[in-house]
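# pasting the sequence and the predicted model now:
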Amino acid sequence: MSAVKLHRVEQGPRDGPVVVFGGSLGSDLRMWEPQVAPLVERGFRVVRYDTRGHGASPVPPGPYELEDLGADVLALLDELGVERAHHVGLSLGGMTGMWLGVHAPERIASLVLCCTSARLGPPSMWADRARTVRAEGTAAVAEAGVGRWLTPGYRERHPDRAEFLRAMIAAVPAEGYAACCGAIERMDLLDLLPKITAPTLVIAGAEDPATAPAEHARPIAEGIPGARLEVVADAAHLGSYERPGEFTRLILDHLERA
Ligand SMILES: O=C(O)CC1=CCC(=O)O1
């Protein structure tokens, strides 16, 4: 499949180092709002995009593969005239980042891989979820999604933010969400990780029920030469949103050293 033109929002100085942000299944680029101002203040050109099938990006009919998502980001860089960029991705965005690190190393200055996995099974779970979404819409999986994204304590303290995120998931086009489930179902990057040469920071949420640190973040950090792992306390799957101070500090520190 050919690349699609991703919806994106750019902020920060045109001549700053470019940082591209890719989000989770079920999200749109608003999930990165807490990170924008701190990075722009430090002189970075921040580019947030909606994954194909999500937000305001095109929704081509499935199936999608991870290489389609990676090719979309490369087309975005080409369109912006950007030779090399840092890539910060969470979950599906992190999988796309790993794909880029393996297949387009010359375009990737560094990687930040948040709350993600190099192999996320069981495949039947993704096939079941895609079937549910195609039959009933994304609203049918939105409540459970927020349950994985946020810790129970955060939801109790911030019901308005939990509702904002529930509505974000429910607004994702069903075909886009389901086709991305298929891409995750067939993704297997584990054996390719040693090929990644970009300086890499892996960040996990200690309470993440979807990509638990021991099962998912640790194998990534062990597989990528020189990668560093940080585990953030009191964070579930959407750690960058729930614990923005800690995640942003780690991201900035990595970008400024890379
Ligand atoms: O919704 C989930 O189960 C969590 C998740 C896995 C990949 C992704 O992007 O989100």
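Thanks, I have the structure now.
# and this protein, which of its residues are near the ligand?
24, 25, 26, 91, 92, 145, 148, 184, 210, 237 (C-beta under 6 Å from any ligand atom). Quick note: C-beta positions are derived from backbone N, CA and C, even for glycine.
# the same query, at a cut-off of 5 Å, please.
Neighbours of the ligand within the chain, by C-beta under 5 Å from any ligand atom: 24, 25, 91, 92, 210.
# I'd guessed the third one sits against residue 208; true?
Read it as residue 91. No - if you go by C-beta atoms under 8 Å, residue 91 and residue 208 don't touch, sitting 9.3 Å apart.
# these two: who's more crowded?
Using other C-beta atoms under 10 Å, the more surrounded residue of residue 91 and residue 208 is residue 91, with 30 against 27.
# tell me the contacts of the more buried one?
Neighbouring residues of residue 91 by C-beta atoms under 8 Å, 6 or more residues apart in numbering: 23, 24, 25, 114, 115, 116, 117, 210, 211, 237.
# now, which of these lie within strands?
Of the contacts of residue 91, the ones assigned to strands by DSSP state E are residue 114.
# quick one on the thing from earlier: the residues of the chain next to the ligand into CSV, with extra columns for pLDDT?
Below are the residues of the chain next to the ligand laid out as CSV (pLDDT from 0 to 100):
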residue, pLDDT
24, 98
25, 98
91, 98
92, 98
210, 98
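# need the max-distance pair from these.
92 and 210 (10.8 Å; C-beta to C-beta).
# of those two, which one has the most company?
Taking neighbours as other C-beta under 10 Å, residue 92 and residue 210 compare with residue 92 leading, 26 against 20.
# let me see the contact set for that one.
Counted by C-beta under 8 Å, 6+ apart, residue 92 has contacts 22, 23, 24, 25, 51, 69, 116, 180, 183, 184.
# just list the residues touching the nearest residue to residue 40 once chain neighbours are set aside, thanks.
If the residues on either side of it in the chain are set aside, residue 40 comes closest to residue 12, at 4.1 Å by C-beta to C-beta, 6 or more residues apart in numbering. Taking C-beta under 8 Å, 6+ apart, we find residue 12 in contact with 39, 40, 43, 44, 45, 46.
# now do stretch 152-168, average pLDDT.
Averaging pLDDT along stretch 152-168 gives 98.
# start the count at 333 instead of 1 going forward.
Fine by me, first position is 333 from now on; the one you just mentioned is stretch 484-500.
# list the buried ones in it?
486, 487, 494, 497, 498, 500 (16 or more other C-beta atoms under 10 Å).
# ends of that stretch, how far apart?
Terminal residues of stretch 484-500 are spaced 18 Å apart (C-alpha to C-alpha, to the nearest Å).
# how far off centre is that stretch?
A distance of 19 Å separates the centroid of the chain from that of stretch 484-500, by C-alpha atoms, centre = their mean, to the nearest Å.
# still on that earlier bit, can you flag the buried ones in the contacts of residue 344?
371, 372, 376, 377, 378.
# where do the contact lists of residue 423 and residue 540 overlap?
Joint contacts of residue 423 and residue 540 (C-beta under 8 Å, 6+ apart) are 447, 569.
# surely residue 586 touches residue 442?
Yes - with contacts counted by C-beta under 8 Å, residue 586 reaches residue 442, the gap being 6.6 Å.
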